[in-house]
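> got a predicted structure plus its sequence, pasted below:
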Amino acid sequence: MNEHDTEKMEHLLLKDGFERTQDVSVADVVIVNTCCVREKAEQKFYSFMGRLRSMKNRRGTILGVTGCIAQMEKEHIKERLPFIDFSIGPSSIHRIKEAIEEGAKNKLFLDFSDNGCNPYLFIKPGIMNKKAKTYVTIMKGCNNFCSYCIVPYVRGREVSRESEDIIKEIEDLAMQGVKEVTLLGQNVNSYNKGRDDIAFPELLKRINEIHGIERIRFVTSHPRDLSFELIDCFGTLEKLCEHIHLPFQSGSDKVLKLMNRGYGIKEYVEKIMMLRNRCEDISITADCIVGFPGEEEEDFNKTMELIRHVRFDGIFSFVYSPRKYTFASTLSDEVPKALALERLVYLQGVQKSITLDKNRGMEGKEVDVLVEDVSKNSKEDFAGRTRTNKIVNFRGNQDMAGRFVRVGIIKGYANSLKGELISKEA
Ligand code: SF4
């Protein structure tokens, strides 16, 4: 979500004649787009701002803060970061140019308004850097109020975008050469809930019809809102990729209740089984929080049981960190940090071996890869993704970027696959 907000701001500024540099030391303007979902990111942000302050003193750089931390700290940002020139929340990024211009006149520019139908939803960055894949925002905000999560407080309540507007944007993207779209929202499964417009499965069907689009993905899903109609789309809509990110957060019903997640593990596992029945090779990834207040050994064991039972393709796992405004931050039954960390390390070790095992199971298979760019591992290799969202590195060339190729998997690692080009046409 944040990455896409950055793309939107970049799009707006490039259109207005700004140029992007990756080197902050030569920039005239530095925009720090922030995330406050986890405490660690917030700590890193403040230390980074300290470094930028010295640079501003030396070079007079215009400094701005955008994103969730800006929104969360809206009442204190002036005191906490007195040297910045502007700060705007996620719903105001359409005002980025104005913010910079005002900041340049030494007028502190602040905007943290949250107007549900603001133009933020309608910024269409199009294709950045000739990429064949892009994100499309279909909704913003969240109504769920999971007890640990700050998102509803900083990104506001759920607002869905008109389906016709989304379809039009994707048709335009397809005309420009985009082949893969990822539909973005905090909880895409509840798209248009309570509104007189098509629901999410129908939206997928409409996108599946768009000529030129060859892959559709979406993120993020809430297990409670994963409907049978949506499950049925897998294996039926040929462009819908065989991957779902379905955060479970904990394997214990007691902890899920404390988290206010609105489902139990039985329901979660049943939905996983339905997904696998529809689509045998679907790749399933998830998020998990370890050390939530009140998590006992028995609860953690249930999480491990779930992980071993489902055999996820990957898990983003974190130690719980209390967030401002949230109900969970008022809970007293804290798990000692060292114990939570110990549990996390154990969980990650088990998951790593499951992922490795699954990736090794790919050896000898052939897959279609949408080639992205030069690999992070080696300048001679190119990287792309399978339909199941696994990264494949293989010997290729620049002509292949943005195209589909056929690759044979020769080695599975914990985080990626190594492949060999079979055909330049997939
Ligand atoms: S559904 Fe996701 S974004 Fe919404 S409150 Fe829960 S964790 Fe946060």
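Sure thing, it's come through. Remember, predicted model here, so these are calculated numbers, not experimental data.
> state which one residue of the stretch 201-350 of the chain is found closest to the ligand.
His222 (5.0 Å; C-beta to the nearest ligand atom). In short, each C-beta sits where N, CA and C put it, glycine included.
> Cys146 versus the nearest residue to that residue once chain neighbours are set aside, what's the distance?
In this structure, His222 finds its nearest non-sequential neighbour in Asn187, 4.6 Å apart by C-beta to C-beta, 6 or more residues apart in numbering. To Cys146, Asn187 is 10 Å away according to C-beta to C-beta, to the nearest Å.
> ok, now which ones touch the residue of the stretch 201-350 of the chain closest to the ligand?
Contacts for His222 (C-beta atoms under 8 Å, 6 or more residues apart in numbering) come out as 144, 187, 189-190, 247, 262.
> between those, which is closest to Ile422?
Nearest to Ile422 among these is Pro247, at 34.9 Å by C-beta to C-beta.
> was I right about that closest one contacting Asp287?
Yes. Counting by C-beta atoms under 8 Å, Pro247 touches Asp287, with 3.6 Å between them.
> looking at those two, which is more packed in?
Pro247 (18 against 14; other C-beta atoms under 10 Å).
> got a list of what the more buried one touches?
Contacts of Pro247 (C-beta under 8 Å, 6+ apart): 220-223, 286-288.
> in which helix or strand does Ile315 reside?
strand 314-319 (DSSP states H and E).
> export the contacts of Pro247 to CSV and append columns for secondary structure, distance to His94 and pLDDT.
Shown next, in CSV, are these (DSSP: H, G, I helix; E, B strand; the rest coil; distance: C-beta to C-beta, whole Å; pLDDT from 0 to 100):
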residue, secondary structure, distance to His94, pLDDT
Thr220, coil, 23, 93
Ser221, coil, 27, 95
His222, coil, 27, 96
Pro223, helix, 33, 97
Ala286, strand, 33, 98
Asp287, strand, 29, 98
Cys288, strand, 35, 98
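> among these, which ones are buried?
220-223, 286, 288 (16 or more other C-beta atoms under 10 Å).
> retrieve the pLDDT associated with Gln71.
The model reports Gln71 with a pLDDT of 88.
> cool, Lys324 as well?
89.
> next, it: secondary structure please.
coil (DSSP: H, G, I helix; E, B strand; the rest coil).
> quick check: buried residues in stretch 237-257?
Applying 16+ other C-beta under 10 Å to stretch 237-257 flags 237, 239-253, 255-256 as buried.
> show only the entries of those found in helices.
253, 255-256 (DSSP state H).
> distance to Asp281 and pLDDT added to those residues, as JSON lines?
Formatted as JSON lines, these follow (distance: C-beta to C-beta, whole Å; pLDDT from 0 to 100):
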{"residue": "Asp253", "distance to Asp281": "29", "pLDDT": "98"}
{"residue": "Val255", "distance to Asp281": "30", "pLDDT": "98"}
{"residue": "Leu256", "distance to Asp281": "28", "pLDDT": "98"}
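> out of those, which touch the ligand?
Among these, not one lies near the ligand by C-beta under 6 Å from any ligand atom.
> who in the chain is up against the ligand?
Contact residues (C-beta under 6 Å from any ligand atom) of the chain with the ligand: 142, 144-146, 149, 151-152, 186-187, 222.
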